[in-house]
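In: can't give you the sequence, but here's the structure:
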């Protein structure tokens, strides 16, 4: 019985360790290690990655985000740029119909670096010190891949995506509302601008 309990306990321990290792591995995959570039100004790092942004609940991705990312340090700044492509489902701003939208966008960021790079001094160590962010982008000298990609994706999503009928054409999904017959000259979000008047100059 004792041997059986020990064996069962060992199996449970192994399962627990496996779960912890899997979680740690997932976390490591989300980090792009920029330390080699930070400690060696002028050296370029290149990353080709693919992510489904598993922590993102507000986006309905049809395809994973594919990214080509490059990073190089000037000594005072870490320059990070990338090109991205994915496909997601959005709602038409007029009729609410689901739309499959292909997104291709680029990002170009720079982050302050402090300290002496190790390539210049045996006891040196440079570190990325990004400005205060609502969601931290770096963990030590590693870029939080999904956090950074998500920020760029949200910025580049169309604010008011439209189906093929646009704002003016008769849309069968618009529940009988035909904006073209209501005198709308375009995006309703801009209609109120026509009523604005600049204040008259005094005197």
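Out: Nice, thanks for sending it over. Just so it is clear, the structure is predicted and the values come from calculations on it, not from any experiment.
In: which residues are in contact with the top strand by length along the chain?
Out: Longest strand in the chain, counting residues (DSSP state E): strand 98-114. Contacts to strand 98-114, defined as C-beta atoms under 8 Å, 6 or more residues apart in numbering, come from residues 38, 62, 73, 75-92, 126-131, 137-138, 148, 152-153, 155-158, 161-163. Just so you know, the C-beta spots here come from the backbone N, C-alpha and C atoms, and that holds for glycine as well.
In: buried residues of it, list them for me.
Out: 99, 103, 105, 107, 109, 111, 113 (16 or more other C-beta atoms under 10 Å).
In: between those, which sits nearest residue 52?
Out: When the buried residues of strand 98-114 are compared for distance to residue 52 (C-beta to C-beta), residue 103 wins out at 14.3 Å.
In: per-residue pLDDT, that closest one?
Out: Note for residue 103: predicted pLDDT of 95.
In: how much space between it and residue 126?
Out: Applying C-beta to C-beta, to the nearest Å, the value for residue 103 to residue 126 is 34 Å.
In: and the most centrally placed residue in the chain, what does it touch?
Out: Centroid-nearest residue in the chain: residue 150, 1.5 Å away (criterion: C-alpha atoms, centre = their mean). Counting by C-beta under 8 Å, 6+ apart, residue 150 makes contact with 53, 56.
In: could you look up the SS state of it?
Out: Recorded secondary structure, residue 150: helix (DSSP: H, G, I helix; E, B strand; the rest coil).
In: what do you get for residue 146?
Out: Quick answer, by three-state DSSP: residue 146 is helix.
In: just give me the neighbour total for it.
Out: 20 (other C-beta atoms under 10 Å).
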